[in-house]
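K.L.:
For reference, the sequence and a predicted model appear below.
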4 protein chains.
Amino acid sequence: MMSRDKILDAAARMFSRSGYHRSSMDEIALEAGVAKGTLYYHFPGKAQMFQALITEGLQMITETIKAEIDRDRSLREQIETVIRLNVDLFLEYSELAHIFFNEISNGIEEDVLLAVRKERSAYNQFIADILIDAGIPPEDGPMAAAGILSMMDGLCSYYLRHPSEAKREQIDRLLYAAVTTGLRPM
Amino acid sequence: MMSRDKILDAAARMFSRSGYHRSSMDEIALEAGVAKGTLYYHFPGKAQMFQALITEGLQMITETIKAEIDRDRSLREQIETVIRLNVDLFLEYSELAHIFFNEISNGIEEDVLLAVRKERSAYNQFIADILIDAGIPPEDGPMAAAGILSMMDGLCSYYLRHPSEAKREQIDRLLYAAVTTGLRPM
Amino acid sequence: MMSRDKILDAAARMFSRSGYHRSSMDEIALEAGVAKGTLYYHFPGKAQMFQALITEGLQMITETIKAEIDRDRSLREQIETVIRLNVDLFLEYSELAHIFFNEISNGIEEDVLLAVRKERSAYNQFIADILIDAGIPPEDGPMAAAGILSMMDGLCSYYLRHPSEAKREQIDRLLYAAVTTGLRPM
Amino acid sequence: MMSRDKILDAAARMFSRSGYHRSSMDEIALEAGVAKGTLYYHFPGKAQMFQALITEGLQMITETIKAEIDRDRSLREQIETVIRLNVDLFLEYSELAHIFFNEISNGIEEDVLLAVRKERSAYNQFIADILIDAGIPPEDGPMAAAGILSMMDGLCSYYLRHPSEAKREQIDRLLYAAVTTGLRPM
DNA sequence: TATGAATGAGCCTTCATTCAT
DNA sequence: GATGAATGAAGGCTCATTCAT
């Protein structure tokens, strides 16, 4: 495995475990099994490394979701698939996803921040389009997507923090309900 | 105004503007108009200051909401009131609320973390009870509350980042819809 | 003695001994007998510390020279005095003087660089005025001053590097000659 | 053009533009259009590369000056020629010349430092001999040479920093005056 | 009660150098 | 001859915290 990938993997693990700021370049290098200088051989700095992680990760995710959706039939199944795949990702890379959707603004260079925000906007629009397809009014699309993704974040975090109380299928069910019938069954 | 209150006010402003980590003790002292040492006279450390802020702030908020709800009649109005008051708070103290609901985990002492989480759990339960009253299945209450609060966070953040696209009333409407009918109108 | 002065003293020693870049903040702190953080309590950064050193040092020097000159009578004595005092300074703070007159441009922030250059220009003009008083054509004043100060730097450096060959009085004599009769006696 | 020469050329440009320390091996390699490793194939290290540059450059210069001088007649013309050629060099390779005459001492290995100093001494003696021929007392020769070379450095730097104020011919004239009649016309 | 000078661990980054290919 | 990925020591700087007054 090449150094660059080892680093990106380690960074994903570290960021996902400890967040952006608490993951020091020393720790990432240690986790990746390379010297600290190697990080700077492959990336201009911490922020750009984060950006590469987001960009490359998101690309894979988007492609995965697109591929899965195309194979599905009913609208219901499509929404369920999108939810399931996203929740899987959230649960696997909880902190990283969390950072991506929330914490974007810390001591990061302006240009990197902009790039990451652009990625987030694009992903939000990607989800918005799916929601609009599913019947949500176009003018509500982007906000609804932002809302759903945040809710997903909140549910996953709650689930991870209360493993005994909550069940995995609850997450999917509540998300589906929020989109289709409301959390309150009628 | 006493030093302690000036500090707490300044901390709320700073945390709300720049987040927890980007607000340095120097800046908070400057904003409060006291010497840095004074912060440590009133609070054992930064984390404990944050904790005090959360605890005391939440107490006020909870009381406000309780008072408003008691005056309301219909279930619909109750939910709308809770949403409106919460959104108002989110929009005024966006970063601080954001921290409270999301970022809690950043190098903070374990005991403070626990205390803050406890506060959050209590608030989540407070909201959950209202939602259960509104017809949500009791076993879904806490998660639904977590989901709704996160969604609120996401919608407010989106609204603040896209002032031209989004409208304030959209936030309330989408939240209400997520609880009652689903984001997708039928 | 206050920390700030201890630091400035240590910095003068270190810069004078090893130049700007080879003097690390660690070493300066060690030499000053304070913690590294203390340097940053008193100065925003290394460059600003250097600037303070130059500014405050130059003020003292300028005042000393002015005081000595006023007491002198003949033009000849005035020039000799200026030369002697400057050479004394060069010999005591050789590297620092060297930096001030030469090395100004390394990795220093633009604004600090400008400030130091301004100081140098002012000092150059101060010397130029004296030279013009001494009979040098006004239009040659600033360049002649720059030339003489550099020559002084060169002679002092040579003297310090060849202690056995060169004599202190040679420096003064050659400088005086360069101004008045030419290095080549007629 | 062979790698070694491309590197030396690039190094001269970089050192001349940015000084010794601000020119990184990466930049030199980039400027030379070779890989970084190639630098280390041709030179043991940065310092030795610098040394080679000085040695080989100086050889050319010395030969050029010798050739020009032999063709001249009067003493006056000889001095003027030496001055002119040297000033030309200073203006073309300002930073590099500056380093050669001034900054030599920056974290460079002791042996390289010694070698460069030796080169400088030789060049100084070369100039000293010319000055002695021109009538300067032999015992003043080396110091006078050091003084003149430094003055030249100072005048050229001043000229480059104040392109609007100063004129090129002023440099030569002042230098000639310093040697022959004194800066102050009688 | 309040101050502010002083601290030092920890962080991100730079860069000359090495070495397997 | 030449390459470029990898290294690690060293540097400048931040900031929560301490403490004498």
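P.N.:
Ah, there it is.

K.L.:
quick one: the lowest-mean-pLDDT helix or strand in chain A near chain B?
P.N.:
The least trusted helix or strand in chain A, going by mean pLDDT, DSSP states H and E, turns out to be helix A:94-98, with a mean of 80. Yes: counting by C-beta under 8 Å from any C-beta of the partner chain, chain B has neighbours in helix A:94-98: residue A:98. Quick note: C-beta positions are derived from backbone N, CA and C, even for glycine.

K.L.:
From the chain's centroid, how far away is that helix?
P.N.:
In terms of C-alpha atoms, centre = their mean, to the nearest Å, the centre of helix A:94-98 is found 6 Å from the chain centre.

K.L.:
and if you look at stretch A:112-126?
P.N.:
The chain centroid and the centroid of stretch A:112-126 are separated by 11 Å, computed with C-alpha atoms, centre = their mean.

K.L.:
And it, what's buried?
P.N.:
Going by neighbour count (16 or more other C-beta atoms under 10 Å in any protein chain shown), the buried part of stretch A:112-126 is A:112, A:113, A:115, A:116, A:119, A:120, A:123, A:124, A:126.

K.L.:
same deal with stretch A:179-186?
P.N.:
Within stretch A:179-186, the residues that count as buried by 16+ other C-beta under 10 Å are A:179, A:180, A:181, A:182, A:183, A:184.

K.L.:
what residues are up against the most centrally placed residue in chain A?
P.N.:
For chain A, residue A:97 is the residue whose C-alpha lies nearest the centre (C-alpha atoms, centre = their mean; 3.5 Å). The contact partners of residue A:97, by C-beta atoms under 8 Å, 6 or more residues apart in numbering or on different chains, come to A:89, A:90, A:153, A:156.

K.L.:
hmm, 10 Å instead?
P.N.:
A:16, A:57, A:61, A:86-87, A:89-91, A:149, A:152-153, A:156-157 (C-beta atoms under 10 Å, 6 or more residues apart in numbering or on different chains).

K.L.:
Can you say which of those are buried?
P.N.:
Among the contacts of residue A:97, the ones that count as buried (16+ other C-beta under 10 Å) are A:16, A:57, A:61, A:86, A:87, A:89, A:90, A:149, A:152, A:153, A:156, A:157.

K.L.:
out of those, who's nearest residue A:48?
P.N.:
Among these, residue A:57 lies closest to residue A:48 (C-beta to C-beta), at 14.4 Å.

K.L.:
How about stretch A:130-146 and chain B, any contact?
P.N.:
Yes: using C-beta under 10 Å from any C-beta of the partner chain, stretch A:130-146 comes into contact with chain B via A:131-132, A:134-137, A:139-146.

K.L.:
With stretch A:9-26 instead?
P.N.:
Yes: interface with chain B: stretch A:9-26 contributes A:18, A:19, A:20, A:21, A:22 (C-beta under 10 Å from any C-beta).

K.L.:
neighbours around the first one, how many?
P.N.:
If I follow you right, that is residue A:18. Neighbourhood size, residue A:18 [other C-beta atoms under 10 Å in any protein chain shown]: 17.
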